[in-house]
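[1] fold the following and give me the result.
(one chain, ligands or ions: 3)
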Amino acid sequence: MKIHNLGLPRIGEKRELKFALEAYWDKKISLDELTQKTDALREQTWAWQLAAGLDFIAVGDFPLYDQVLDTSILFSAIPQRFQHLSELDQQFAIARGDTCCQHAASDMTKWFNTNYHYIVPELDSETEFNLNAEKLLNEVAAAQTFLKSQNAKQQLKLKLIGPVSYLWLAKINNLNQLDDLLTPLLACYRELFKKIAATGIEWIQIEEPILTTEPESHWQNALRLSYAYLNQKRSVKLLLTTYFADVDEHIELINSLAVDGVHIDAVAGQPKLDDWLVKLNSEKVLSVGVIDGRNIWRSDLAAKLKSLQTIYDRKADNLWIAPSCSLQHVPVDLELETRLQQPVRSWLAFAKQKLVELNILKSALVDYEVDPVIAYSKPVTERLNSDLTLNVSLRQQIQALGFEHTQRDNEYNQRKIAQKSLNLPLLPTTTIGSFPQTAQVRHVRARFKRGEISETEYQSYIKAYIADAIAKQLEAGLDVLVHGEPERNDMVEFFGEQLDGFAITQYAWVQSYGSRCVKPPIIYGDIERKQAITVDTIQYAQSLTDKLVKGMLTGPVTILNWSFVRDDLSRQSVAKQIAFALRGEVSDLEAAGIKIIQVDEPAIREGLPLKKAHWQNYLGWAVEVFRIATSCVKDATQIHTHMCYSEFQDIVGAISALDADVISVEASRSDMSLLKPFAKPNYQNEIGLGVYDIHSPIVPNVDDLQAKIELSLNYIEIEQCWVNPDCGLKTRKWEEVLPALNNLVKAAEQVRAELTPAGHSGKALFEAS
Ligand SMILES: CN1c2c(nc(N)[nH]c2=O)NC[C@@H]1CNc1ccc(C(=O)N[C@@H](CCC(=O)N[C@@H](CCC(=O)N[C@@H](CCC(=O)O)C(=O)O)C(=O)O)C(=O)O)cc1
Ligand SMILES: N[C@@H](CCS)C(=O)O
Ligand SMILES: [Zn+2]
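    Ligands and ions are numbered 1, 2, ... in the order given. Below you'll find the predicted structure:
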């Protein structure tokens, strides 16, 4: 039996990759320095695997920006507009855009149901795949040199995205195009396999996560065809790797593919391992992903040992065990968390600890060393029985929530009348919440956290930021203002810091995209709000202006999806606890005189289960918890929500059922066509048109913004529309934001002027018609 790993975080223990990349982009370090730093980080990941005694060391899991982008470069799938650049700059330009030539970056989207984002390959009839394996082969050579230097006997295993999943990730949905692209791509894979075999590598972990997404028949055919073609004259072994759900319904298909082994996720899905033992050809390796690659709980190795024992007894020679998926989705090392309170700390395992868990399991299975398993699993039992995780009175309050706690007083059409008191013009303009998180604001927060400045000094800095943000918005002429979120390190972690039941870490970063990371808070116990979280801040912002300032909260589903969540209570129950806490905050904001409250839910779409059969249940409770959080306000108080990263057609019914008065959506990069599903009668309430693409440093001009508003009117009636950027502005610079917001306000004014006679307010015109 062998133990192996599907991939590790590449960001480094303390986000060294982020700092190196950003220093290189800012021209503060040279290419040589960048290479030195990243080579050292990569070597460190090999060393961790060696130290943990894995049988294989993964190679090819160290992209500088993104694994899908690396695959595009490996096969020379470079969009025309970046072809003149050298390889390294090309990769960064594709990912981040090329400001000097104003070339927009490639699209970025969510990696399955995770909070990681990949760069979508741009493939079309002009795409010519060519193998460009130099970088990968250099990496293999470096890993081999490293292993030699350590006198290590372990083998390398190459991690590679499979051809069918690669095309699926590129969002190819035209059958002819799929055929046209697959054949030349497969030829490149075959050439690559030859080169890899020549390095002495025996196994390739070829990843086809498409199999967990209920692929249509043409994708299944593509898999059959591809692996038959790739089998010819192949001298490396293939471990067909799936993750994020079970693939039981495809056992026959998978078994028919010409591969040498299969990896299945035994955590996210509950595969019927007996079926796999019976149906998978006995000479094929079965790799079982038993250690949770998506969460941070210490494994109950005693339970895992029990469930693996029978499989081991029947298939010892061809059994591998591994984490369920790449460990890129969990933080690097629990050892760094010196401030985390006990016993919570003893309940956790990060990436490095998970590698050790594999080793303990192997020793128990192969060498009958069971005592370490029992000792290791003790804190797991303690967690399940701990008083710290249970708040009896909170549970009683949640139990008492009923249908009436999910209902506004009246339906939207009546609320709309009450909300006329807000006195908003036609096409009201606003922003999504955050303003630039400058190096200064982050530095001040870091100093405050280190105790170098007092609470009073920190609060006065935050107040000054807010006052400046309000002044800037007034100057731009926006209709509904925000405070800018300067007090928030992150829209989820900030709330985790204020709520009971959450633990906050120092270094438990996880890559979100490129150099950007998030530090998901850990939900270990029942969640309770002990005092108001945002009221003072929003009230202060409101005191600075006669215009309305929106209250700004993160919604229950997003807090849930972007945290590490306890596994001893259903996600639905945890979400309900968060919703109940937010309901208190929403009421407090209203009582403090705040008339518009936004409850962001960007992660609703991403949390959709990969299998359609589970959608209804998820969407049912997701809607319920949003309504618990927001339905407590009077008709005249306007509830907003915001969603980005979404393809809405699948969930527009659920979005409608949220019953928010206004939803702002990301639509700019699709030329507003993402709005199509919202056309009446699907969606009746108001919609904030995300006309400004905040992911690009390019400042949109008035004409482009106006065109986007007008395009939106193909789908949405004008009296439903608001005008706004397509997400928060925290990653942008003030010098980009200010002209962009000026242009956005002007564009809205121009559309209003063209559609309404002089001197006549737009709203009145529409009421009259
Ligand atoms: C909307 N998005 C979000 C997602 N998930 C979240 N949990 N939050 C989100 O907002 N998923 C989808 C998208 C992803 N988008 C982004 C966008 C931007 C970032 C990002 O900028 N991340 C920051 C880290 C943010 C943070 O926590 N900052 C802290 C710590 C700042 C820091 O690094 N301090 C330095 C010291 C600085 C000094 O002394 O000068 C340090 O600690 O060493 C804070 O502001 O306090 C990033 O830098 O990657 C993420 C996802
Ligand atoms: N209010 C948040 C939403 C991001 S999805 C922001 O503006 O950053
Ligand atoms: Zn957003």
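
[2] from here on, just use CA atoms for contacts and neighbour counts.
    OK.

[3] need the helices for the stretch 451-600 of the chain, in chain order.
    With helices called from DSSP state H, counting those that start in this stretch, the stretch 451-600 of the chain shows them at 455-476, 493-498, 535-543, 556-561, 571-591.

[4] is any residue of the longest one near ligand 2?
    This means helix 455-476. No - judged by Cα under 6 Å from any ligand atom, helix 455-476 makes no contact with ligand 2; its nearest approach is 13.2 Å.

[5] any buried residues in that helix, and which?
    Applying a neighbour-count criterion of 16 or more other Cα atoms under 10 Å, one finds 458, 461-463, 465-467, 469-470, 472-473, 476 buried in helix 455-476.

[6] which two of those have the greatest separation?
    Y458 and A476 (27.1 Å; Cα to Cα).

[7] contacts for the host helix or strand of L41, please.
    Assigning secondary structure by DSSP states H and E places L41 in helix 31-51. Here helix 31-51 makes contact (Cα atoms under 8 Å, 6 or more residues apart in numbering) with 8, 10-12, 16-17, 20-21, 24, 57-58, 62, 64, 143, 146, 152, 154, 352, 355.

[8] any chance of the helices of the stretch 451-600 of the chain in JSON lines, plus mean pLDDT?
    Rendered in JSON lines, the data for the helices of the stretch 451-600 of the chain read as follows (pLDDT from 0 to 100):
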{"stretch": "helix 455-476", "mean pLDDT": "98"}
{"stretch": "helix 493-498", "mean pLDDT": "98"}
{"stretch": "helix 535-543", "mean pLDDT": "98"}
{"stretch": "helix 556-561", "mean pLDDT": "98"}
{"stretch": "helix 571-591", "mean pLDDT": "98"}
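
[9] is it possible to export the ones you listed to TSV including distance to V691?
    TSV is the format used below for the helices of the stretch 451-600 of the chain (distance: least, Cα to Cα, whole Å):
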stretch	distance to V691
helix 455-476	16
helix 493-498	28
helix 535-543	25
helix 556-561	23
helix 571-591	28
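
[10] doesn't L286 belong to a strand?
    Yes - inclusion of L286 in a strand is indicated when DSSP: H, G, I helix; E, B strand; the rest coil is applied.

[11] and the next helix or strand past the helix holding L41?
    The C-terminal neighbour of helix 31-51 among helices and strands, as given by DSSP H and E, is strand 56-59.

[12] just the element for the residue in the stretch 1-150 of the chain that ligand 2 sits nearest to, please.
    For the stretch 1-150 of the chain, the residue positioned closest to ligand 2 under Cα to the nearest ligand atom is N115, at a distance of 11.9 Å. Here N115 is covered by no helix or strand, with elements defined by DSSP H and E.

[13] can you check V262 too?
    Here V262 is covered by strand 261-265, with elements defined by DSSP H and E.

[14] which residue ranges of the stretch 201-350 of the chain form strands?
    Taking DSSP state E, counting those that start in this stretch as the test, the strands found in the stretch 201-350 of the chain are 203-207, 237-241, 261-265, 285-291, 319-323.

[15] tell me the most buried of the ones you listed?
    Most buried of the strands of the stretch 201-350 of the chain, by mean neighbour count (mean count of other Cα atoms under 10 Å): strand 261-265, with a mean of 27.

[16] tilt between that strand and strand 285-291?
    Between strand 261-265 and strand 285-291, the angle comes out at 20 degrees (axes from the mean of the first three to the mean of the last three Cα atoms, to 10 degrees).

[17] send me strand 261-265 as CSV with only the CA atoms.
    Taking only C-alpha atoms (Å, rounded to 0.1, in the frame of the first residue of the first chain), the coordinates of strand 261-265 have been written out as CSV:
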residue,chain,number,x,y,z
GLY,A,261,-5.5,3.5,-11.5
VAL,A,262,-8.3,5.7,-10.1
HIS,A,263,-8.4,8.2,-7.3
ILE,A,264,-11.7,8.9,-5.7
ASP,A,265,-12.8,11.4,-3.1
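
[18] average pLDDT across that strand?
    Per-residue confidence for strand 261-265 averages out to 98 on the pLDDT scale.

[19] which non-adjacent residue is nearest the closest residue to ligand 3 within the stretch 201-350 of the chain?
    Distances between the stretch 201-350 of the chain and ligand 3 by Cα to the ion are smallest at H329, namely 20.5 Å. Nearest non-adjacent residue to H329, counting by Cα to Cα, 6 or more residues apart in numbering: R294, 5.6 Å away.

[20] and for Q90?
    Computed as Cα to Cα, 6+ apart, the closest residue to Q90 that is not its neighbour in sequence is F82, at 6.0 Å.

[21] I'd say H329 and Q511 touch.
    Yes - applying Cα atoms under 8 Å, one finds H329 in contact with Q511, separated by 7.3 Å.

[22] what is in contact with the two at once?
    In contact with both H329 and Q511: 9, 116, using Cα under 8 Å, 6+ apart.

[23] list the contacts of T554.
    If you count contacts by Cα under 8 Å, 6+ apart, T554 has them with 491-492, 495, 599-601.

[24] kindly report the same for L301.
    Under the criterion of Cα under 8 Å, 6+ apart, the contact list for L301 reads 357, 361, 373-374, 376-377.

[25] let me know the closest of the residues you listed to ligand 3.
    Closest approach between the contacts of L301 and ligand 3, by Cα to the ion: E357, at 36.7 Å.

[26] that closest one belongs to a helix?
    Yes - when three-state DSSP is applied, E357 is found to be in a helix.

[27] ok so, going back, centre of the chain to the strand holding V262, how far?
    For strand 261-265, the gap between its own C-alpha mean and the chain's C-alpha mean amounts to 24 Å (Cα atoms, centre = their mean, to the nearest Å).

[28] now do it: which elements does it pack against?
    Helices and strands touching strand 261-265, by 3 or more Cα pairs under 8 Å, 6 or more residues apart in numbering; DSSP states H and E, are strand 237-241, strand 285-291.

[29] so what strands line up beside the last one?
    I take that to be strand 285-291. strand 261-265 (parallel), strand 319-323 (parallel) (DSSP bridges).

[30] and what of the first one?
    The strands that strand 237-241 pairs with in its sheet are strand 203-207 (parallel), strand 261-265 (parallel) (by DSSP bridges).

[31] would you turn those strands into JSON lines with distance to L689?
    Formatted as JSON lines, the entries for the strands paired with strand 237-241 read as follows, by distance: least, Cα to Cα, whole Å:
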{"stretch": "strand 203-207", "distance to L689": "37"}
{"stretch": "strand 261-265", "distance to L689": "39"}
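
[32] could these be laid out in TSV, adding distance to ligand 3?
    Shown next, in TSV, are the strands paired with strand 237-241 (distance: least, Cα to the ion, whole Å):
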stretch	distance to ligand 3
strand 203-207	30
strand 261-265	30
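
[33] between these, which one is closest to Q750.
    Taking Cα to Cα, strand 203-207 is the member of those nearest to Q750, at 50.3 Å.

[34] which residues are in contact with the closest one?
    With contacts defined as Cα under 8 Å, 6+ apart, strand 203-207 is touched by 6, 156-162, 165, 236-242.

[35] so which residues on the stretch 601-750 of the chain come close to ligand 3?
    By Cα under 5 Å from the ion, the residues of the stretch 601-750 of the chain that approach ligand 3 are 644, 727.

[36] can you get me a residue count around the residue nearest to H329?
    22 (other Cα atoms under 10 Å).
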